[in-house]
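Asks: Sequence and predicted model, in that order:
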Amino acid sequence: LLVWIAAFGGDAARRRDRAAAGVAGLLMTSMHMTLLGVLLALASRPLYGGHGDVLTLSGLSPLQDQHLGGVLMLVFGGVSYLAGALVLLAGLLRDRRGVVANG
């Protein structure tokens, strides 16, 4: 939440100045999330203990549940961070184009 607030928050006057840092912050954070998603999706054993060999409420084994969680983290997390960074970058490019046209 703090990364998103730092990227998109602030008053309108400072928002443009913070947009480049917001793009970098979102992309750096997405790398950590992507690494964890790949680790969860491709692990050969459950990485978190405490559940034994019981089935989850969805009927999946703990390993299948972990794989599903990793894939969901990759798909939805990756898309949301990429979309956020692209929105900020589009705003920066639009502002830059306006400066070049007026300058």
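Replies: Done, it's in.
Asks: Tell me the confidence at the residue nearest to residue 20 when sequence neighbours are not counted?
Replies: Excluding the flanking residues, the one nearest residue 20 by Cβ to Cβ, 6 or more residues apart in numbering is residue 92, at 6.3 Å. Using the backbone N, CA and C atoms, a C-beta is placed for each residue, glycine as well. As predicted, residue 92 sits at a pLDDT of 85.
Asks: repeat for residue 29
Replies: So residue 29 comes in at 90 (pLDDT).
Asks: Return the residues in contact with it.
Replies: By Cβ atoms under 8 Å, 6 or more residues apart in numbering, residue 29 lies in contact with 3, 81.
Asks: rewinding a little: count of neighbours near the residue nearest to residue 20?
Replies: For residue 92, the count of nearby residues is 15 (other Cβ atoms under 10 Å).
Asks: give me every residue that touches it.
Replies: 16, 19-20, 23.
Asks: Tell me which of these has the lowest pLDDT.
Replies: residue 16 (75).
Asks: For residue 26, see how far away it is.
Replies: Taking Cβ to Cβ, to the nearest Å as the criterion, residue 16 is separated from residue 26 by 16 Å.
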